[in-house]
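Enquirer: here is a sequence with its predicted model. Questions after.
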Amino acid sequence: MPGSGNGAILTLEKVCRSFGGLMAVNYASLSVRKGELRALIGPNGAGKTTLLNLITGIHTATAGRILFKGEDITRLSPDRISHRGISRTLQITSLFSGLTVYENIWAAAQSRKRFFNPFARPERWADVREKTEEILELTGLVGKAETVCSELSYGDQRILEMGVALSTDPELLLLDEPTAGLSTQESMALVKRMRAMLRGQTIVLVEHDMGVVMELSDRLTVLHYGEVLAEGTPAEIMANDEVRKVYLGK
Amino acid sequence: MASNLAVAVLNGIVWGLIMALIALGLNLIFGLLHIINMAHGALYMLGAVFSWYVIELTGNYWLALFVAPLAVGLIGLALERGLLRTIEDQPLVTIICTFGIMLVLQQLVLTYFGGTARRIALPIPGRFPLFDLQYPLMRIVIAAISVAVMGGLWFFLNRTRYGLWVRAVVQDREMAVALGIPVHKVYMWTFVLGSVLAAFSGVLAAPIVSVDFMMGREILIMAFIIVIVGGMGNLWGSVVTAVVISLIHGVGSIFVVPSTATVFSLGFMILVLLVRPQGLFGE
Amino acid sequence: MLLDRWKGGAFPLAFGLLMAVLAAVPFFAGLFYQTFLTEILVWALFAISFDLIFGYTGLLSFGQALFFGLGGYAVAIPVLKLGLGTGAGLLLSVAVPAVFAAFVGFFSVRLTGIHFVIITIIFALIGSTVGETWTSLTGGADGLVFMAPPLDLGVAKLDLMDIRITYYLVLAVVALSFLFLRRMVRSPLGKVFVAIRENEERARLIGYDVRRYKLLAFVIAGGLSGLAGGLYSLSLKYASATFLHWSVSGHAVVYTIVGGAGTLLGPVIGAGLIMSLEHYLVKLLQATDLVVGAVLVSTLLLAPRGIVGFLRGRRK
């Protein structure tokens, strides 16, 4: 049952979001425990990405509350939410395409500093440099550090985006269809890389690839027409009749 | 006083209808091709300048009304095919490029037409008794022609196959491609159409204002404001906004100095941009 | 990154050399060239201030003329009507436009794309309309002619009626401004601007208050545009409302695009090249803007990264 105080790091309470007349998210409530890997699944248009947008402040909920570590973040802007400890990758890769891999990670790694001094030399910021190199290692893209992002392969871009998201030391990481557009081989490589990169952060994963979902997640939440249809362990969800109906046809 | 007001209202409506044509052309180009055409004012100016030449040569305003927009349409065709096609998908680049085209067109006219403003003799002199006044007949004719052109545009967009294609591409470009609509041709001819409308405005405006190479510069900003306030892609919005703004400015100028009216209407634009950037009538 | 470090070594040398050459100009070139170079330097400053918001932060403003013109008046009006000194005038030429830029920017940075372009033009249009009609203050389009009192630096008094001294003053101020901007764009703050240009949404998601940084860039650019305008009116002993018109912003746009946006060096080269081109062409045809427009369009279609961008691309 939703509610904070039981180790829940993220709680959505009856969250709604409408666009014009359309209810993209319809009284959705869910609760994610610290350290959990929660997969968010559902047919296209079920509201999964909208839900992530609500959590990260790209959209504001028209009703309901979103709590992170017990605090209400419903109306915060995306940059404030980032500072609270939430990071995100997007369905369509969102990176600094004209910048190199190194510069992409650096941009995220330096985001916690203050920029009052226009004469500061970035070379003097050893802590940012260390963080950048650490993330670079994690992503396995050290050899491509000077490659411009737009010249990377699609799979590498997905990995880089995850690295960028991790550069701000988030406690909660939202991943929006990380394997979208990847071949099976590339998906496997990505998942392997993901396992190496993740260090016990709480994760909400939106995915269509059921193989990945089953392999990685602790619990599943199924969305349908913006509502939470079901929630449970992978086994429970697979056995759930309503879920089967939604997925395997009416 | 009342007659002053009445004249101002009528003038405002007439000028508003002329501006509506320019704005419609800009709206088509922006709504469909997402091209921010900073040369649009120059196309309006070219319409007026070409009409001056036609009248110099033939003395026939009605011929000018036919020839000038065609000529400008050809120029629009050359611009779209030759220059804009490769950068159409980059909005900021397009803005700057069309700014450059504006400079070139203005300066070409400066070179061959000269820097002094010229007037066109009224092809229809005389006044028409309207309400209590004697209102210039020419202006009434201009308003009528403008409405006729708008009617023609409506007919084109809603009753012809080509117009259907245009509306389809605006709605959903990928679907239009999938349906076999020649999207590139639609783009090209839409740009031509927009140019033709701008030129029409120029020909219609020529008897009222003087023709000079800079006449498009102020019109350009007004046209953008009308399109944005009226709602990009909303053609009726442009017509209504054009007339309303023109009326406000014209009537306002009776009570306050024109520059004050200008500043206030500009301030109003800023408000609309900030509060409702999709335009008063946009979605 | 490697290239940056290499350039870090070469830059002081190249810059020093250029400064030496420019400082030597009054010794082997006549008054006309000194005046001409002064003018180029002023517009180069205007262009690099534009490059900060456009080339580095991705904000296309066609309204920077507002700050340029204000800078000119920030010198002319206090000197002419309040009897203030030239030094105070120069300081005001940075401060007053910066304050206006804060006001304009506060509203404008809420918008993006074409809306941002339009709103900056509208603000400039309001400025030029007010400037042209408030003739008692601004002299309207005819402008204000004023005598610039000697600039009191404490250790020396610079007589600005001397073309050579004006040239050196402008050279020093523009060079310092260039160095200032160069340091800034290489600093972590500069990297934030670039990130915003590359992908606003991603910048927001990693924790940058994008609006605030855009406003900061806008204010700095406004201040430097004002400084350019102030230097210009000082060199001409004249300020006019025509410099407030939005089309004057076009100069900055052209020089930056042709020279290469996002390079700082590009706008300087663009200013020098285009202005020299105009100077030599004007003997042939009155409509030099025709060539300028053609060069602009050609650059966008053939070498969109400008001269410097093109050359740097080839080196890699």
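Expert: Received it, and whenever you're ready, just let me know what you need. Numbering: from 1, shown residues only, chains lettered A, B, ... in the order given.

Enquirer: contacts, neighbours, all on C-alpha from now
Expert: Fine.

Enquirer: and the residue in the stretch 51-200 of chain B that chain A sits nearest to, how many neighbours?
Expert: Taking C-alpha to the nearest C-alpha as the measure, the point where the stretch 51-200 of chain B comes nearest chain A is B:Gln90, at 15.2 Å. B:Gln90 is flanked by 12 other residues according to other C-alpha atoms under 10 Å in any protein chain shown.

Enquirer: look up how far B:Leu84 lies from it.
Expert: Computed with C-alpha to C-alpha, to the nearest Å, the distance linking B:Gln90 and B:Leu84 is 10 Å.

Enquirer: one more: C:Gly69?
Expert: Using C-alpha to C-alpha, we find C:Gly69 at a distance of 33 Å from B:Leu84.

Enquirer: the two: which is more packed in?
Expert: C:Gly69 (33 against 21).

Enquirer: and the strands in chain A?
Expert: Taking DSSP state E as the test, the strands found in chain A are A:8-19, A:22-33, A:37-41, A:63-68, A:71-72, A:86-89, A:172-176, A:202-206, A:219-224, A:227-232.

Enquirer: to chain C, which of those lies closest?
Expert: Proximity to chain C (C-alpha to the nearest C-alpha) singles out strand A:86-89 among the strands of chain A, at 7.1 Å.

Enquirer: check whether A:Asn104 really touches A:Gly163, as I assumed.
Expert: No - shown here, A:Asn104 and A:Gly163 do not form a contact pair, counting by C-alpha atoms under 8 Å, at 9.2 Å.

Enquirer: more neighbours: which of the two?
Expert: For the pair A:Asn104 and A:Gly163, the greater number of neighbours falls to A:Gly163 (28 against 24), based on other C-alpha under 10 Å.

Enquirer: does chain C sit close to the helix or strand where B:Ile29 lies?
Expert: B:Ile29 is located in helix B:2-33, with elements delineated by DSSP states H and E. No - using C-alpha under 8 Å from any C-alpha of the partner chain, helix B:2-33 stays clear of chain C, coming no nearer than 10.4 Å.

Enquirer: give the buried residues for that helix.
Expert: By neighbour count, and taking 16 or more other C-alpha atoms under 10 Å in any protein chain shown as the criterion, the buried residues in helix B:2-33 are B:6-33.

Enquirer: ditto for stretch B:78-96
Expert: Across stretch B:78-96, burial judged by 16+ other C-alpha under 10 Å covers B:79-81, B:83-84, B:87-88, B:91-96.

Enquirer: just the terminal-to-terminal distance for that stretch.
Expert: Using C-alpha to C-alpha, the end-to-end distance of stretch B:78-96 comes to 18 Å.

Enquirer: and residue 210, what's its pLDDT?
Expert: The chain I'm using is chain A. In this model, A:Met210 is scored at 86, pLDDT.

Enquirer: let me rephrase: I mean chain C.
Expert: 96.

Enquirer: so the closest residue to it other than its chain neighbours: helix, strand or coil?
Expert: Using C-alpha to C-alpha, 6 or more residues apart in numbering or on different chains and skipping the chain neighbours, the partner closest in space to C:Val210 is C:Arg204 (6.1 Å). Here C:Arg204 is recorded as helix under DSSP: H, G, I helix; E, B strand; the rest coil.

Enquirer: show me what contacts C:Arg204?
Expert: Taking C-alpha atoms under 8 Å, 6 or more residues apart in numbering or on different chains, we find C:Arg204 in contact with A:Pro78, A:Asp79, C:Val210.

Enquirer: what's the closest of the residues you listed to C:Gly270?
Expert: Proximity of the contacts of C:Arg204 to C:Gly270, judged by C-alpha to C-alpha, is greatest for C:Val210, which lies at 29.4 Å.

Enquirer: any idea how far A:Phe116 is from that closest one?
Expert: Applying C-alpha to C-alpha, the value for C:Val210 to A:Phe116 is 15 Å.

Enquirer: ok, those two, which is more surrounded?
Expert: Neighbour totals were compared for C:Val210 and A:Phe116, and C:Val210 leads with 21 against 9 (other C-alpha under 10 Å).

Enquirer: thought C:Ala195 was touching that one, still the case?
Expert: No - with contact defined as C-alpha under 8 Å, C:Val210 does not reach C:Ala195; the gap is 9.6 Å.

Enquirer: okay, and the common contacts of these two?
Expert: With C-alpha under 8 Å, 6+ apart, C:Val210 and C:Ala195 have common neighbours C:Ala203.

Enquirer: secondary structure element holding the residue of the stretch 51-200 of chain C found nearest chain B?
Expert: Using C-alpha to the nearest C-alpha, the point where the stretch 51-200 of chain C gets nearest to chain B is C:Ile126, with a distance of 5.6 Å. Using DSSP H and E, C:Ile126 sits in helix C:113-133.

Enquirer: you'd agree C:Ala303 is up against C:Gly313?
Expert: No - between C:Ala303 and C:Gly313 there is no contact under C-alpha under 8 Å: 10.6 Å.

Enquirer: tell me the pLDDT of the spatially most central residue of chain C.
Expert: In chain C, the C-alpha nearest the mean C-alpha coordinate belongs to C:Phe46, at 0.9 Å (C-alpha atoms, centre = their mean). What the model reports as pLDDT for C:Phe46 is 98.

Enquirer: try the one 3 residues further on
Expert: C:Ser49 carries a pLDDT value of 98.

Enquirer: okay, now the nearest residue to it once chain neighbours are set aside: neighbour count?
Expert: Nearest residue to C:Ser49 in three dimensions, chain neighbours excluded: C:Ala221, at 4.7 Å (C-alpha to C-alpha, 6+ apart). Look at C:Ala221: counted by other C-alpha under 10 Å, it has 29 neighbours.

Enquirer: before we move on, what about A:Trp125?
Expert: By the criterion of other C-alpha under 10 Å, A:Trp125 has 13 neighbours.

Enquirer: show me the contacts for it.
Expert: No contacts exist for A:Trp125 under C-alpha under 8 Å, 6+ apart.

Enquirer: name the element the residue in chain C positioned nearest to chain A belongs to?
Expert: The shortest separation between chain C and chain A is 3.9 Å, found at C:Gly207 (distances taken as C-alpha to the nearest C-alpha). In this structure, C:Gly207 sits in neither a helix nor a strand according to DSSP H and E.

Enquirer: what about it, how many neighbours?
Expert: Using other C-alpha under 10 Å as the criterion, C:Gly207 is surrounded by 24 other residues.

Enquirer: what's the spacing between it and B:Gly231?
Expert: C:Gly207 sits 33 Å away from B:Gly231, taking C-alpha to C-alpha as the criterion.

Enquirer: save the buried residues of stretch B:78-96 as TSV, and put in distance to chain C, secondary structure and pLDDT too.
Expert: Supplementary listing: the buried residues of stretch B:78-96 in TSV, determined by distance: C-alpha to the nearest C-alpha, whole Å; DSSP: H, G, I helix; E, B strand; the rest coil; pLDDT from 0 to 100:
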residue	distance to chain C	secondary structure	pLDDT
B:Leu79	11	helix	94
B:Glu80	13	helix	92
B:Arg81	13	helix	91
B:Leu83	7	helix	90
B:Leu84	9	helix	87
B:Ile87	8	helix	87
B:Glu88	11	coil	80
B:Pro91	8	helix	86
B:Leu92	7	helix	88
B:Val93	7	helix	91
B:Thr94	9	helix	91
B:Ile95	8	helix	92
B:Ile96	8	helix	94
